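Student: Okay, here's the prediction I keep looking at, along with the sequence it came from:
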Amino acid sequence: MEIIYTSKFKRGFKKLPTSVQYLAVEKELIFREDFFDFQLNNHKLHGKFKDFWSFSIDHKYRIIFEFSRDRKKVYFHSIGDHDIYE
């Protein structure tokens, strides 16, 4: 599985505290092994984000992503706290 990072995701990642960046990298490693691992609290979003999924970095921070149609690629769109849903 290939992960593609959007420019919005990259900008958001750089703005995170260093400790959260390290945790995000650890969670991405878990995601690469099994994107439905219980540690990620992975869930489908609703409303205007109905085509997207989210997983938890910690209690405050999230990553919003989308699967390609063939599920061979994943697009990481946003990273941050709950403000990323706005």
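Tutor: Structure received. Note that the structure is predicted; figures quoted are calculated from it, not measured. Numbers count the residues shown, from 1 in each chain.

Student: and the residue in the chain sticking out farthest from the centre, what does it touch?
Tutor: Computed with CA atoms, centre = their mean, the residue of the chain farthest from its C-alpha average is residue 70, at 18.5 Å. If you count contacts by CB atoms under 8 Å, 6 or more residues apart in numbering, residue 70 has none. Backbone N, C-alpha and C define where each C-beta goes, glycine included.

Student: Which secondary structure state does it sit in?
Tutor: coil (DSSP: H, G, I helix; E, B strand; the rest coil).

Student: So it versus residue 53, what's the distance?
Tutor: Residue 70 is 16 Å from residue 53, where distance means CB to CB, to the nearest Å.

Student: Kindly report the same for residue 4.
Tutor: 14 Å.

Student: And those two? Which one has more around it.
Tutor: More neighbours surround residue 53 than the other of residue 4 and residue 53, with 19 against 13 (other CB atoms under 10 Å).

Student: any idea of the pLDDT on the more buried one?
Tutor: Confidence at residue 53, expressed as pLDDT, is 97.

Student: again with residue 41
Tutor: 95.

Student: who touches it in this structure?
Tutor: With CB under 8 Å, 6+ apart, residue 41 has these contacts: 55-56.

Student: At which residues are the strands of the chain located?
Tutor: For the chain, the strands defined by DSSP state E cover 2-5, 43-44, 53-56, 62-67, 73-80.

Student: possible to save the ones you listed as TSV with distance to residue 36?
Tutor: Shown next, in TSV, are the strands of the chain (distance: least, CB to CB, whole Å):
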stretch	distance to residue 36
strand 2-5	15
strand 43-44	10
strand 53-56	9
strand 62-67	12
strand 73-80	12
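
Student: Of those strands, which is nearest residue 19?
Tutor: Residue 19 lies closest, by CB to CB, to one member of those: strand 73-80, at 14.1 Å.

Student: Export only the CA atoms of the closest one, formatted as PDB.
Tutor: The C-alpha coordinates for strand 73-80 follow below in PDB (Å, rounded to 0.1, in the frame of the first residue of the first chain):
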ATOM      1  CA  LYS A  73      -3.200   3.800  -2.300                       C
ATOM      2  CA  VAL A  74      -4.200   5.900   0.600                       C
ATOM      3  CA  TYR A  75      -4.300   9.700   0.600                       C
ATOM      4  CA  PHE A  76      -3.500  11.400   3.800                       C
ATOM      5  CA  HIS A  77      -5.400  14.700   3.500                       C
ATOM      6  CA  SER A  78      -5.300  16.400   6.900                       C
ATOM      7  CA  ILE A  79      -3.700  16.200  10.300                       C
ATOM      8  CA  GLY A  80      -4.500  18.100  13.400                       C
END
